[in-house]
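**Q** got a sequence here, can you build the structure:
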Amino acid sequence: MADRSFGPTVLAGLAGAGLAATAGHRDWVELTAPGGGQAAADWFWQNAPGLGQMPASGALGLVALASWGVLLVSRGAWRRVVAAVGLLASLGLAAVWVTGLLTLRDDVSAEVRGADLAAGWSVEWTSWFVLAGIALVLLVPAHVVALVRLPRWPAMGSRYDAPTIRSGSRPAVAPSPAPAADLSEEDPADVWKAIDEGRDPTERADP
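**A** Prediction:
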């Protein structure tokens, strides 16, 4: 009987990994300014690309996403290795997210103060930071379930494997066609007679 955890777990894992990979390449914080100072804040932000990001999150999100793709088309011990790699990537994402929660706003605020810009600017969380957290809620449990329940999950059949040649066997070779008979010395009348009768004039009877 098929394990009922397969479908929901794979869907949750793919959704979480896709969301994590996308959110990992976006700004997790943004710079806001009161009144008419937002234009200056936007100019500063555009000239500091990546300041509001956690670079490792995007790479780990792609690893987690790739692990689900490989897991669906692999079998045996290799499949368990891939599931373990995906779990490590998702745990790494969780560590990066927590690190960002504790340090990212303060780090960006320090950069803003160091630039000696207008007072009153503040660093706020974006929706991408929240979505990255939601992705982890889906992704980490999905990888844990995958690693535990993997032996009971269906695997791709062997019919999708590349054909192999067994040791000691040789591939069948199609027989070469017999050479056509030379009609240069035949009577043209006999050739046309054979054609009229529906016979191939190039075929000769065996002696």
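**Q** contacts and neighbour counts: CA atoms only from here.
**A** Fine.
**Q** check which element follows the host helix or strand of Ala59 along the chain.
**A** Using DSSP states H and E, Ala59 sits within helix 56-73. Using DSSP H and E, the helix or strand that follows helix 56-73 towards the C-terminus is helix 76-114.
**Q** and the next helix or strand after that following helix, how far from the chain's centre?
**A** On the C-terminal side of helix 76-114, the nearest following helix or strand under DSSP H and E is strand 122-125. For strand 122-125, the separation from the chain centroid amounts to 33 Å (computed by CA atoms, centre = their mean, to the nearest Å).
**Q** over to stretch 10-28?
**A** If you compare the mean C-alpha spot of stretch 10-28 with that of the full chain, they lie 12 Å apart, counting by CA atoms, centre = their mean.
**Q** next one: stretch 88-97
**A** Relative to its parent chain, stretch 88-97 has a centroid offset of 18 Å by CA atoms, centre = their mean.
**Q** about what we covered before: list the helices and strands the helix holding Ala59 packs on?
**A** Contact analysis of helix 56-73 by 3 or more CA pairs under 8 Å, 6 or more residues apart in numbering; DSSP states H and E lists helix 6-23, helix 76-114 as its packing neighbours.
**Q** buried residues, the first one. List them.
**A** Translated: helix 6-23. For helix 6-23, the buried set under the neighbour-count rule, 16 or more other CA atoms under 10 Å, comprises 6, 9-10, 12-23.
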